[in-house]
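Visitor: Here is my input; please provide its structure:
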Amino acid sequence: MSTQAPVPPKPVRKPSFDPEAAQKLEKSLALRPEKHQLIDRNILKDDSVAPSLQAAKEALARSQLEDRLEHALQARPKPEELVKGGILKETDIPPA
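Guide: Numbers count the residues shown, from 1 in each chain. From the prediction side, this is the model:
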C-alpha cells in the first residue's frame, strides 16, 4: 500500500471579465461609427496612401498650401491702391 499525500482541492476560478462590462462593450462597439464616417469627419486619416508615406503626403499638402497663401498675399493690392480705387479711406490705412 502506497501512501500518497492528499491532493488539495482546486480553487474555483471566477471569469476574468465582468459579463456586464462585456455587454456594455458590445453595445458601444455596435454604435461605433463606420470607418468612412470617421475619415469624412477628419478623425481618421485617409488610408489610400501607404502609412510610411502619409507624413510626406501631409507635409507636401501643407507646403503647397503655404505656397498658395504666400502667392495670394504677394498678389493682393497695397493700401495705397485701395485708396485710389475708393475702397479704403485715407484715414483707414494701417501704420507701416
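
Visitor: Scan this structure for its longest helix.
Guide: Using DSSP state H, we find that the single longest helix of the chain is helix 51-75.

Visitor: can you pull the buried residues of the helix or strand following that helix?
Guide: Per DSSP states H and E, the first helix or strand lying C-terminal to helix 51-75 is helix 79-84. The neighbour-count criterion (16 or more other Cβ atoms under 10 Å) identifies residue 83 as the buried residues of helix 79-84. Every residue, glycine included, has its C-beta placed from N, CA and C.

Visitor: how much space between the most centrally placed residue in the chain and residue 26?
Guide: With distances taken as Cα atoms, centre = their mean, the residue of the chain nearest its centroid is residue 43 (3.8 Å). According to Cβ to Cβ, to the nearest Å, residue 43 and residue 26 sit 22 Å apart.

Visitor: ok, back up a step: what comes into contact with the longest helix of the chain?
Guide: The set of residues external to helix 51-75 that reach it, using Cβ atoms under 8 Å, 6 or more residues apart in numbering, is 45, 49.

Visitor: Tell me which residues of it come out buried.
Guide: In terms of neighbour count (16+ other Cβ under 10 Å), helix 51-75 has no buried residues at all.

Visitor: pLDDT averaged over that helix - what is it?
Guide: The average of the pLDDT scores along helix 51-75 is 93.

Visitor: And stretch 84-95, by the same measure?
Guide: When pLDDT is averaged along stretch 84-95, the result is 85.
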